[in-house]
Every structure is written in structure tokens, then in C-alpha cells.
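Student: Sequence first, then the predicted structure:
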Amino acid sequence: MPFKRQKSNVSPHYHDTRTLLRKYRDVMWNLEVSDLDLQEEFKAEYGLSTDALFVDSEVNKGGNRLESYARALERSKKMMQIIDTAIDLMRRKHKKGEFYYWILYYAYLSPQQCENAGAILQLLETKDCEKITNLLTPD
């Protein structure tokens with residue numbers, strides 16, 4: 001059965017995990033930048049930190065753009081925490097969890113994409129930690 005035909009049988013209610021993992025670095029970067037931008041906007045407009053948003057009743061009354069943005073950002077952070085928790089659970093509980101974690105880490109989760117991720121993943125299969133360390137340390 002061709003891949004396209006199989007894919008059309010997949011329910012639209014399920015997430016595309018591979019696409020999510022491919023975008024993981026970008027999402028984490030965007031969340032970090034968005035959080036910093038939001039903090040600066042709050043300081044400029046209210047003289048408050050974003051932590052005070054949910055406590056200060058004056059800001060909460062209006063339901064303004066910054067409040068909506070802060071809530072959306074918080075929801076996105078919680079979704080990423082769910083993903084991180086699931087990966088950590090797999091790492092701790094599955095019999096090959098550590099191995100699978102490192103595959104995910106080098107392929108998708110590391111803050112910077114490794115140029116030699118393919119070589120690292122091949123070495124993980126052979127469990128040659130010394131060679132992996134050599135690939136990761138700059139010359």
C-alpha cells in the first residue's frame with residue numbers, strides 16, 4: 001500500500017508526531033523569544049512583570065491583548081511540558097528508554113541541530129560512547 005493512501009486513512013483527530021518533533025527546536029525558540037517580548041511589553045505598558053498579570057485585578061478586568069497573548073503563551077508552554085514529560089517517562093520506564101531518548105535528542109530535541117546527527121545515531125546503535133563524545137566535542 002503506498003504511503004499516501006495509508007496516510008489518508010489516518011484520522012484527522014490524531015497529531016502528526018513526526019512533524020511536531022521536526023518543529024520542536026523552532027517552537028522552543030519561539031516560546032523563549034515570545035516570553036521575553038511579552039515581559040518587555042508588560043514592563044513598558046504596566047510597569048509589571050508578566051507574573052503579576054494573573055494577580056493584578058486591574059489588568060485582568062479588561063481582557064486586553066496582552067492578557068490574551070500571555071494566556072496563549074502559557075498554554076503553549078504547558079503543551080511543550082506535556083511533550084517533555086512524555087519523553088522523560090519513556091526514558092525512565094521503557095526497557096530501551098535511554099537509547100530511544102538519545103535518538104530523539106540528537107535527531108529532534110537538542111537546542112542546536114547536530115550536523116553529524118546521522119553518525120551519532122549510528123554510533124548509538126553500536127553503543128560506542130567514546131566515538132560519540134569525539135563527534136560532539138569541537139576539535
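Tutor: Cool, the structure landed.
Student: so which strand or helix has Trp33?
Tutor: Actually, residue 33 is Val. It isn't Trp. helix 24-46 (DSSP states H and E).
Student: for that helix, packing partners?
Tutor: helix 65-93 (3 or more CB pairs under 8 Å, 6 or more residues apart in numbering; DSSP states H and E). For every residue, glycine as well, the C-beta is placed using N, CA and C.
Student: What are the buried residues along the helix it packs on?
Tutor: Residues Leu66, Glu67, Tyr69, Ala70, Leu73, Ile83, Ile87, Arg91 are the ones in helix 65-93 that count as buried (16 or more other CB atoms under 10 Å).
Student: Need the three-state assignment for Gln112.
Tutor: In three-state terms, and counting by DSSP: H, G, I helix; E, B strand; the rest coil, Gln112 is coil.
Student: what's near enough to touch it?
Tutor: By CB atoms under 8 Å, 6 or more residues apart in numbering, the contact list for Gln112 reads Arg25.
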